[in-house]
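Chemist: Pasting the sequence and the predicted coordinates here, then a few questions.
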Amino acid sequence: MKKIFLTVLMLASLVLSGCGGAKEEAKPQSESEIAEETQVEAAAPAQNVKGDLKIAMLDVGQGDAILIQTKKQTILIDTSDTDERDLLVSELEKFSVTKIDKLILTHPHADHIGSAKALINPSAKEIKANPYLEKISVAEVYDNGISSTSPLYKSYTKAVDAKNVQHKGLKAGDTLDFGGGVKFNVVYPTSEVVDAVNGGQKSDPNNESVVGRLVYKKFSMIFTGDAEKEAENEILANNKAKNLKCDVLKSGHHGSYTASTKNFVAAVNPSVVLISCGPEEERRNTYGHPHLEPLENYLAQGIDKENILCTRFNGTITITSDGQKFSVTSEKKEDWLDKWIAKKKKDKKK
């Protein structure tokens, strides 16, 4: 009788936990747990590496646009804003880009998807303004799989349909093959986030950004879109720190204080950080990116100040890797960090 009672009790507990029972919430790892998992020092950049992988954070003002060229494919992550299109097209022409095998749009904010429609299906007016657009074709488009009411989102999805371009949403666990041995492992958003927002939950586009870890042999880089603290915490909760470790970190949200938490930076443990933002006089960098807090977090993690680069000061930044080593070059060699931190600290005291 006792055995029957115990069996019934166990079955009841299983039913309760599987049907309507409270789901145990994943918790981000503590600083000590992260430190224990990331004891291996980040690989430092080398000089003049020649390799098949090139990653260029394009100087397109306040928006994001990152070009990835492998031995087999050309990939563009985000397309800057509509008023930065001339800058984007000029950069693509400089890198002789005519075919984009994969266009990845991290989230539907204007400074990330603003030029997507023009790349996919440019109008006669757009081609007249930027003749090089006529030379560019897009084979596949990926986003976060979340519908948006944004006019820019609607315009690019309409262009996708008009050109019959493959269009797919990405979620954690997906992997894209960039060719030549380069993989892009998606770590965010989760399917739960996508389903919740598509099901009517209020959207928070920055924290629904596609976040992916590019891996080429021993080299790795994490691309964060505009992911902020909330998304970073979920990523930490759902992944071991050792699986997030990267040589290069694309600073979240243009170097905003809303991203690059201490724990996230510690987990990624990069030796190089790249920041994309525009000049101060530009109307849309009214927030003064990059902010003080993430810069201090990078330095506290032990990242050399010479390896923290920003398009605002350094222009287009290019990484080249052979899968073993990597090098970093920039259009401008400005020594900006100390002066910028001093300015931010002064502004904070006002």
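Modeler: Here it is on my side, so go on. Residues are numbered from 1 along each chain as shown.

Chemist: Just the C-alpha atoms of whichever helix or strand residue 111 is part of, please, in CSV.
Modeler: Secondary structure from DSSP states H and E places residue 111 in helix 110-113. Extracted C-alpha coordinates of helix 110-113, given in CSV (Å, rounded to 0.1, in the frame of the first residue of the first chain):
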residue,chain,number,x,y,z
ALA,A,110,15.1,52.8,-38.6
ASP,A,111,18.8,53.0,-38.0
HIS,A,112,19.1,49.3,-38.7
ILE,A,113,16.6,48.6,-41.5
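
Chemist: Mind giving me the packing neighbours of that helix?
Modeler: helix 151-163 (3 or more CB pairs under 8 Å, 6 or more residues apart in numbering; DSSP states H and E). From N, CA and C alone the C-beta is placed, and that goes for glycine too.

Chemist: what helices or strands is the helix it packs on leaning on?
Modeler: helix 110-113, helix 116-120, strand 137-143.

Chemist: Let me see the mean pLDDT of it.
Modeler: What helix 151-163 shows for mean pLDDT is 96.

Chemist: Remind me what the helix or strand following it packs against, helices and strands.
Modeler: Per DSSP H and E, helix 151-163 leads on to strand 166-169 as the next helix or strand towards the C-terminus. Helices and strands touching strand 166-169, by 3+ CB pairs under 8 Å, 6+ apart, are strand 137-143.

Chemist: Run me through the strand neighbours of the strand it packs on, direction for each.
Modeler: Using DSSP bridges, strand 137-143 pairs in its sheet with strand 99-104 (parallel), strand 166-169 (parallel).

Chemist: in that strand, what counts as buried?
Modeler: 138, 140-143 (16 or more other CB atoms under 10 Å).

Chemist: And the contacts of that strand?
Modeler: Applying CB atoms under 8 Å, 6 or more residues apart in numbering, the set of residues contacting strand 137-143 from outside is 98-108, 116, 119-120, 156, 160, 163, 165-170, 176, 210.

Chemist: buried subset of the residues you listed?
Modeler: 100-108, 116, 119-120, 156, 160, 165, 167, 169-170, 176, 210.

Chemist: In this protein, what helix or strand scores lowest on average pLDDT?
Modeler: helix 2-18 (a mean of 38; mean pLDDT, DSSP states H and E).

Chemist: ok, now how distant is residue 99 from residue 150?
Modeler: Separation of residue 99 from residue 150 (CB to CB, to the nearest Å): 27 Å.

Chemist: Same question for residue 67.
Modeler: 24 Å.
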